[in-house]
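1. No letters, just coordinates:
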């Protein structure tokens with residue numbers, strides 16, 4: 001990481017739930033918790049805890065100099081709601097193929 005910018009990834013025990021329009025998109029008790037300087041805490045959920053059949057792959061791609069290139073998925077009425085890093089940088093390798101949502105609730 002560059003000076004003054006840190007990212008940590010650690011296993012969490014939080015119960016994370018993602019609901020959109022009354023439909024549960026994901027629910028996990030084993031998120032990876034990513035903390036990054038200047039950003040809100042993000043929960044990366046294992047693919048088996050995400051209802052991927054409800055997601056539609058998007059053409060959107062973004063690049064983070066600290067994490068790598070992200071791919072996105074949408075649901076009806078919410079474009080690019082979900083992202084993942086299929087090939088993250090080595091410093092955050094644990095988040096590989098885990099899904100992160102803009103709308104999460106810790107219960």
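-> Thanks, I have the structure now. Owing to the predicted nature of the structure, the values given are computational and were not obtained by experimental measurement. Numbers count the residues shown, from 1 in each chain.
2. The helix or strand of the chain with the lowest mean pLDDT pairs with which strands, parallel or anti?
-> Least confident helix or strand, the chain: strand 105-106 with a mean of 80, by mean pLDDT, DSSP states H and E. Paired neighbours of strand 105-106 in the sheet (DSSP bridges): strand 16-20 (antiparallel).
3. List the buried residues of the strand it pairs with.
-> Judged by neighbour count using 16 or more other CB atoms under 10 Å, the buried positions of strand 16-20 are 16-18, 20. C-beta here means a position set from N, CA and C on the backbone, and glycine is covered the same way.
4. out of those residues, what pair is the most spread apart?
-> 16 and 20 (13.9 Å; CB to CB).
5. List the contacts of residue 34.
-> Residue 34 sits next to 7-9, 41-44, 92, 95, 100 when contact means CB atoms under 8 Å, 6 or more residues apart in numbering.
6. pLDDT below threshold where in this protein?
-> For the chain, the stretches flagged by pLDDT under 70 are 1-3.
7. Please report how far residue 73 lies from residue 36.
-> Computed as CB to CB, to the nearest Å, the residue 73 to residue 36 distance reads 21 Å.
8. Ok, residue 105 next?
-> 20 Å.
9. out of the two, which sits in the busier spot?
-> The residue with more neighbours, out of residue 105 and residue 36, is residue 36; 18 against 12, by other CB atoms under 10 Å.
10. Contact partners for the more buried one?
-> When contacts are counted by CB under 8 Å, 6+ apart, residue 36 touches 5-7, 42, 66.
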